[in-house]
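In: Please work out how this folds:
(2 chains)
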2 protein chains.
Amino acid sequence: MRVLILGGDGYLGWPQALYLSQKGYEVAVFDNQARRHFDLKQGFDSLIPIQTVHQRIESWKAITGKTIHAYHGDTTDWPALSRAFQEFQPEAVVHFAEQRAAPYSMIDREHAVHTQYTNVIGTLNVLYAIKDYTPSAHLVKLGTMGEYGTPNIDIEEGFIEIEHKGRKDTLPFPKQPGSFYHLSKVHDSHNIHFCCRVWGLRSTDLNQGVVYGADTDETLLAPELATRFDYDQIYGTALNRFCIQSAVGYPLTVYGRGGQTRGYIHVRDTVRCIELAIQSEPKAGEFRVFNQITEWFSVNDLAQRVQRVGNAMGLNVQLQQLSNPRVELEEHYYNVVHTKLLDLGLQPHLLNDAEVEHLINVAIQHRDRVNPRLIAPTVNWRETENQVAQTPEPTPAT
Amino acid sequence: MRVLILGGDGYLGWPQALYLSQKGYEVAVFDNQARRHFDLKQGFDSLIPIQTVHQRIESWKAITGKTIHAYHGDTTDWPALSRAFQEFQPEAVVHFAEQRAAPYSMIDREHAVHTQYTNVIGTLNVLYAIKDYTPSAHLVKLGTMGEYGTPNIDIEEGFIEIEHKGRKDTLPFPKQPGSFYHLSKVHDSHNIHFCCRVWGLRSTDLNQGVVYGADTDETLLAPELATRFDYDQIYGTALNRFCIQSAVGYPLTVYGRGGQTRGYIHVRDTVRCIELAIQSEPKAGEFRVFNQITEWFSVNDLAQRVQRVGNAMGLNVQLQQLSNPRVELEEHYYNVVHTKLLDLGLQPHLLNDAEVEHLINVAIQHRDRVNPRLIAPTVNWRETENQVAQTPEPTPAT
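Out: All right, here's what the predicted structure looks like:
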């Protein structure tokens, strides 16, 4: 089966490409190098060194004999996108090609506009490309659990049956996203759902939790196959960032009271979930939603666990409570239904101390590459101009 | 009070400007002439002749002595938009400045992208302009009843209390919009709601029904003050279009079975609703939603009424059922809560035969300006390329 991975050079797109290629799928990646370009502009970098997309693909070929096709392009560039669809004729399209950081979207007006433009218009183009060139292709779209926000009722998988004034309907689950980034994913979900209804497209919208983990079986085959690992204030997500902070002696930065609870998933489970979605194709016109998480934690749960494991490794791990730069509930109800991927056969890798220790060891291995200046949050949800490029000098714990 | 009307040269924006100016508000309009530009490109025109924005404003000054300020600009042009906010310092912002036609958004990929870009990015800029320059200004945003779609439960005003598995929350009403245009308004609503939560902006989102009517007390003061009146397949809405069709001997074009039911409101009530919204300012951080309709009709209700009234006027009015170019339910439940504007004092002008006769007479007066080529629908929801410019030759009933 031919699978086109949009954003196939990113933190998740790359391991996904390797995983599916290893399993025998014919894989092409389509990527605009936006994440790497942001690093170049800001002086950020992946903790784990990574090869260019050209080098990685050559290494994969050398190691496994398998070919991954590559397109350089942007989803907002219709000629580039449509050429990839026309040439490669995908049977499944995995869409990671979005600006993926909430803090990025909150930097200032330009970054908010760039996020919604890239994500919403890019996805509109993807929908038209499928309709025009490969109308039976299955769109597997990466959404986020953050689309739901933190309602005071259980979070269902995309739809909820509502009984109201004696009548009933099953309707899209109401969304209360918490950043211009999360909003862009809500907009995408509405657009995709519409195209399934009107054009008969088939799609699976994966409301993914926060992904952690540094490697998969395939990325571990050779250092040249490594995927990026982010610890900066913009792209670094909670658990990964805490492990790196503990490795370099920087206090674990807990935003606010730390009761913020989110769904999490290991990158190994992410790549498997997407294969499960591809293997179980929806019907024409069907818009499925899966909640792609395996468990949930509060920020305090994670910080305390990393502190405990780090201290047992002989590190001196401190917690530092920062005033919350985000606007969010810091204590709230959270219960998520997530049975659809389990029903398809997912066997979760749940978080354990060994994984935390592994992540800390990865960070220790590369600790000379850490720039502490990139860690402290400077993007505040309440402001409209946050000068990321002019972050203050760091004050790491020593 | 200073009121900035974005899109203040349009079908509704212009009567709104006159109404508020007459009532003593200090009014500025901000408009990019997009609707008129579309006419120029396509060879479309308003049934009722209209003056340029410069001429209209001069006429208003000559007739009433009142000044309406004017800015030429586009909401997606940040320098132009921010200059208007900085100079005029609005206390209320009425936002009509969006691409407003569902068929336009379904013409092809470019028109879908243009609609969502203009509406979503333009509104993002409006939100940032308010936050940056006039943070206590009240944003009165024109949404649409079409955001809700046609759920099988009563449509509440923006929010619904949901009881689910023994817990309760009041959440945004789930949306199932029926075109890329309607989707853009859903995206706006989510973005605006977020900015109220995070920045403490105050906003009223008006989910407006289909507006009909050709005039208000102010536009009737002189022919130079007339507002546009559209009958074409792209911008002409059901009741206005039926009255014009009956006047020129073109059959009333009913799409599909005609059971499609929608909320309606007269333009006289629209201008009053917006004043009511402005007068009753929401609290900082509050996101209010009003369903701005006064009653609802099916397409068949309207067609049969226009036929009856037209025949009584001596016309020979025929109905023509066309295969539905849209994808929508043609028979469905529809019940809408719309008490908030009534509670604020709205006294509805409900549709009656005299209004239909008036609209037909307006159309008869200008019937030499009707180009029947513009009436038949050529934009099909199921297609991705609809050639509006190459519409087939008309076959009007004679």
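
In: Give me the phi and psi angles of the closest residue to A:Phe30 other than its chain neighbours.
Out: Nearest residue to A:Phe30, sequence neighbours excluded (CB to CB, 6 or more residues apart in numbering or on different chains): A:Tyr71, at 4.3 Å. Where C-beta positions appear, they are placed from N, C-alpha and C, glycine not excepted. Taking degrees, to the nearest 10, you get phi -120, psi 130 for the backbone angles of A:Tyr71.

In: now do A:Gly263
Out: phi -80, psi 140.

In: what's it in contact with, if anything?
Out: Contact analysis of A:Gly263 by CB atoms under 8 Å, 6 or more residues apart in numbering or on different chains lists A:Met145, A:Gly209, A:Val210, A:Asn291, A:Ile293, A:Thr294, A:Glu295, A:Trp296, A:Val336, A:His338.

In: what's the burial count for the fourth one?
Out: Around A:Asn291 sit 24 other residues, with neighbours defined as other CB atoms under 10 Å in any protein chain shown.

In: Let me know the pLDDT of the residue lying closest to it once chain neighbours are set aside.
Out: Nearest non-adjacent residue to A:Asn291, counting by CB to CB, 6+ apart: A:His338, 4.2 Å away. The score at A:His338 is 98. That number is its pLDDT.

In: if I read this right, A:His338 contacts A:Trp296, doesn't it?
Out: No: checked against CB atoms under 8 Å, the pair A:His338 and A:Trp296 is beyond contact range at 9.2 Å.

In: who has more neighbours, the two?
Out: Comparing A:His338 with A:Trp296 by neighbour count (other CB under 10 Å), the higher total belongs to A:His338, at 23 against 18.

In: Show the contacting residues for that one.
Out: Contacts of A:His338 by CB under 8 Å, 6+ apart are A:Glu157, A:Gly263, A:Phe290, A:Asn291, A:Gln292, A:Ile293, A:Thr294.

In: Okay, helices next: where are they in chain A?
Out: Along chain A, counting by DSSP state H, helices occupy A:13-22, A:34-42, A:53-64, A:78-88, A:102-105, A:109-116, A:122-133, A:180-199, A:238-248, A:267-279, A:299-312, A:340-343, A:353-365.

In: if I look at the residue in chain A sticking out farthest from the centre, how far off is chain B?
Out: Note on chain A: the largest C-alpha distance from the chain mean falls to A:Gly166, namely 40.1 Å (CA atoms, centre = their mean). As judged by CB to the nearest CB, to the nearest Å, A:Gly166 and chain B stand 9 Å apart.

In: And that residue, what's its pLDDT?
Out: 97.

In: Next: the one 5 residues further on.
Out: At A:Leu171, the predicted lDDT confidence score is 98.

In: likewise the one 4 residues further on?
Out: Looking at A:Lys175, its pLDDT is 98.

In: before we move on, what about A:Thr398?
Out: Looking at A:Thr398, its pLDDT stands at 41.

In: Check A:Ala389 too.
Out: pLDDT, A:Ala389: 62.

In: about what we covered before: which stretch among the helices of chain A comes nearest B:Asn361?
Out: helix A:180-199 (38.2 Å; CB to CB).

In: now for the closest one, which elements pack on it?
Out: On a contact count with 3 or more CB pairs under 8 Å, 6 or more residues apart in numbering or on different chains; DSSP states H and E, helix A:180-199 meets helix A:102-105, helix A:109-116, helix A:122-133, strand A:138-144, strand A:167-172, strand A:202-208, strand A:287-292, helix B:180-199.

In: make it 7 Å
Out: Judged by 3 or more CB pairs under 7 Å, 6 or more residues apart in numbering or on different chains; DSSP states H and E, helix A:180-199 is in contact with helix A:102-105, helix A:109-116, helix A:122-133, strand A:138-144, strand A:202-208, strand A:287-292, helix B:180-199.

In: and A:Val379, which of those is closest to it?
Out: Closest to A:Val379 of the helices and strands packed on helix A:180-199, according to CB to CB: helix A:102-105, at 4.2 Å.

In: quick one: A:Cys196 and A:Ala284 touch, right?
Out: No: A:Cys196 is not in contact with A:Ala284 according to CB atoms under 7 Å; the separation is 8.5 Å.

In: Find residues that contact each of these two.
Out: Residues touching both A:Cys196 and A:Ala284 by CB atoms under 7 Å, 6 or more residues apart in numbering or on different chains: A:Arg202.

In: who has more neighbours, these two?
Out: Neighbour totals were compared for A:Cys196 and A:Ala284, and A:Cys196 leads with 21 against 13 (other CB under 10 Å).

In: residue contacts, A:Val336?
Out: A:Ile155, A:Gly263, A:Asn291, A:Ile293, A:Trp296.

In: any idea what sits nearest it, other than its immediate chain neighbours?
Out: In space, A:Val336 is closest to A:Ile155, 4.6 Å off (CB to CB, 6+ apart).

In: Was I right to think the one you found contacts A:Gly146?
Out: No: the criterion here is CB under 7 Å, and A:Ile155 misses it with A:Gly146 at 11.1 Å.
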